[in-house]
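>>> Give the three-dimensional model of this entry:
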Amino acid sequence: MNRCYRITLLSAALGAALPLHASPLEAEAQERTATELATVRVQAEQPGAKDTQSNSFGPGDWKNTPASINVLDRELLDSRHVRSLSELAHNDASLGDSYAPVGYYQNIAIRGFALDTATGYRFNGLSVAGEQRLALENVQQVEILKGEAGLAAGVIAPGGVINYVGKRPAEVRSITLATDAEGTRYAAMDVGHWITPRIGVRFNAAWDDSGSYIEHGDGRRNFYALATDWLIGERGKLQLDANYQTSAQRSASGYQLLGAVALPDEVDPKHMLGYQAWQQPVGIDSTNLSALHTYDFSPAWQSRVVASYSRSIIDDNVAFAYGCYYATECADGSVPGNFFAPNGDYDIYDYRSPDDTRRNRQLRAELRGRFTTGDIEHQLTLGADYFDRTVDRRRNVNDYVGTGNIHDPEVPQFSPSPLQPGAHVRRLDSAQKALFVLDRIRIAGDWQWLAGGRFVHLDERAWDKRGNPERASRLSRFLPQTALIWNANDALNLYASYAQGISLGQEAPFWTTNEGTYLPAVRSRQIEVGAKYTHADALTLGAALFRTTRPFQYAMPDDSAYGHTFVQQGQQAHTGLELSAQGRISERLQLTASASVLQARARDTGTPAYEGHQLINVPRTRATLHVDYQLPFVPGLSVTGGWRYASSNVATADGRVRAPGYNVADAGLCFQHRLHGHALNWNLSVDNVFNRFYWRDTGSSSGDYYLFPGAPRQARLSVSIAL
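Got it, this is the predicted structure:
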């Protein structure tokens, strides 16, 4: 059962503050101390904001990584009040929503490719189940790796990887309280301490009674995380991370095209489609555990052994708005049943899928070292990786209960389905075994050549809703990867890279002839050239030109009884240019900006109407801008501003219908000062200042396409207190 406990902000603040003050006996003992010796502690430094811990070309600094990477630090996440994956995507022009409902776990796309929820999300470089509400309270920075990641992750979608880097032990004591215009009550604490010179801990917790801008969409969330570092002897170190989260919130259904040809009109983004009074919240419980052991054989050689476990249990409950199979206007079959009716009618389904359990387990061993052969310097990484993912589900309830209309002031109420979910059975067991190698070779001082690859063996079995064997597949592939870097001068690096990846085939939607069939895994290829410029460690500028290709899988129109058959035919190619700037322009002005121009096309598909235009949910142009200016006449006061832009977004496979482009402006204030010796940081942000309506997402789920409106104007306020 999913449990979320409501607490007051005062209780949260007192609970966090009380352990942080010395007792009278402790204070007296400190006063009696005659001599206090200086503490000696050996501690690894927290990586800088421009460093990356996980990417397909090995860990390292941003400038010497031959890939397009964006690092969002803690300061930016706090000032923008980022708490969801969709909000994270606002800060990078290469990212976009890809079926990201409010109240449900969300997914995003990088470079136009939706991330694989099984392998596309990472914590400290290790896979976590993406079917959870990924928390950010225990995160120091977020690394966005764009493009192929075959060497780092094996079987994965070609868009890239989102890696959350956890906070490490430090001397920290802080409380954050927050609210918003919807009445949210939020409290978080961050406490860290080095118990001994060799053992440190960090504890993060958050309690969130969130008010939603969508009616009936308020939710609750509890989150707890613990990180420990243990310096073992002079050469070893053990890092442990554990977090647990429980949440409950009603999920908001997405809109669909009217009659398959028109965007819904006069949409209220605050309206919850299909709402029924008996509708229960979606409950998601998640647990993530990881351990990293490193041992330095010498200054040049290190071993790394890491293990992780991630589990997400989803109690899926929704009065789901979908299609118009039972609506009068669709009865004659002239309108496809998997879209809303031309007049805005839609069917409402009682959908229940309790105990939907996803588990990821991973074990990796690496040897990293440096050596020279003549005048050539090598940085070598050798390793083995094992990854296992299972999915256990009940036979769901998905039963029609009534019909509503998008313009209903109040959604009509119907009785829930009498049906009950079936038995809990194993649906998927997927295991990857891999060996990988990467050598970074420095030649003649100014050149670096990176060469490596990953040999992957995938063994996968699947069962149907009743537990009967459905398919078994095995594949083995070698995924090569190489890059060349030229250090043009102290500030500028130029690079070119080539990589291959592999991703699993998609499942045929229920409205196709071959419903439920999984197509073969596909190999993707990417070429990228780029430039990275750093100016006195204050400002970084990046540019990347890339092309990613893979076989095209889609529902082909035909003369079959269903009208479509899910096939693999032709190629899809995503060709784009990315620009980024991050850092300080002046002593008072800080900038985070990015822009993306992306052409995503399909060719040789056998369906001419699906070619020659952008693919669904891939705007051609995106841009983001966030600035922070410290006012000279008020010490500690900063003005922040943001801008988000996306061009029109294709909403149908034939490209005839597009969601219009949009511009969204954000603004805010930050004020830092001291009160009775404690540092306080106030943050006020207003997103969508001009309250513009826009369609933020035309993404797909299980072969169907949905439309999600962007959030209206939202004002949020937080204060962080350092104790």
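
>>> Show me the beta-bridge partners of residue 486.
residue 447, residue 494 (DSSP bridges).

>>> Next, count neighbours for it.
By other C-beta atoms under 10 Å, the residues close to residue 486 number 13. (Glycine included, C-beta is placed from N, CA and C.)

>>> Verify the stated contact: it with residue 529.
No. Using C-beta atoms under 8 Å, residue 486 makes no contact with residue 529, being 11.1 Å away.

>>> Can you say which helix or strand has residue 183 in it?
Per DSSP states H and E, residue 183 falls between elements, in no helix or strand.

>>> swap in the one 5 residues further on?
Taking DSSP H and E as the criterion, residue 188 maps to strand 185-196.

>>> Show me what that strand packs onto, helices and strands only.
If contacts are counted by 3 or more C-beta pairs under 8 Å, 6 or more residues apart in numbering; DSSP states H and E, strand 185-196 sits against helix 9-17, strand 172-180, strand 199-210.

>>> Adding mean neighbour count and mean pLDDT, write these out as a markdown table.
Listed next are the helices and strands packed on strand 185-196 as a markdown table, based on neighbours: other C-beta atoms under 10 Å; pLDDT from 0 to 100:
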| stretch | mean neighbour count | mean pLDDT |
| --- | --- | --- |
| helix 9-17 | 16 | 38 |
| strand 172-180 | 19 | 97 |
| strand 199-210 | 21 | 97 |
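
>>> what do residue 486 and residue 529 both touch?
Jointly contacting residue 486 and residue 529 under the rule C-beta atoms under 8 Å, 6 or more residues apart in numbering are 494-495.

>>> At which residues are the helices of the stretch 51-200 of the chain located?
For the stretch 51-200 of the chain, the helices defined by DSSP state H, counting those that start in this stretch cover 74-79, 85-89, 150-153.

>>> Out of these, which gets nearest to residue 258?
Closest approach to residue 258 among the helices of the stretch 51-200 of the chain is made by helix 85-89 (24.5 Å; C-beta to C-beta).

>>> Any buried residues in the longest strand along the chain, and which?
With secondary structure taken from DSSP state E, the chain has its longest strand at strand 345-373. Buried residues in strand 345-373, defined by neighbour count with 16 or more other C-beta atoms under 10 Å: 345-354, 356-362, 364, 366, 368.

>>> which secondary structure elements does it contact?
strand 126-127, strand 301-322, strand 376-394, strand 397-405.

>>> returning to what we had before: just how off-centre is the strand holding residue 188 within its chain?
In terms of C-alpha atoms, centre = their mean, to the nearest Å, the centre of strand 185-196 is found 24 Å from the chain centre.

>>> do stretch 600-614 as well
Distance, stretch centre to chain centre, for stretch 600-614: 29 Å (C-alpha atoms, centre = their mean).

>>> cool, and stretch 567-583?
The answer for stretch 567-583 is 18 Å, by C-alpha atoms, centre = their mean.

>>> Could you give me the buried positions within it?
567, 570, 572-576, 578-583.

>>> ditto for stretch 463-476
Counting neighbours by 16+ other C-beta under 10 Å, stretch 463-476 gives 463, 470 as buried.

>>> Please identify the most buried of the helices and strands packed on strand 345-373.
strand 126-127 (a mean of 26; mean count of other C-beta atoms under 10 Å).

>>> Brilliant, that's me finished.
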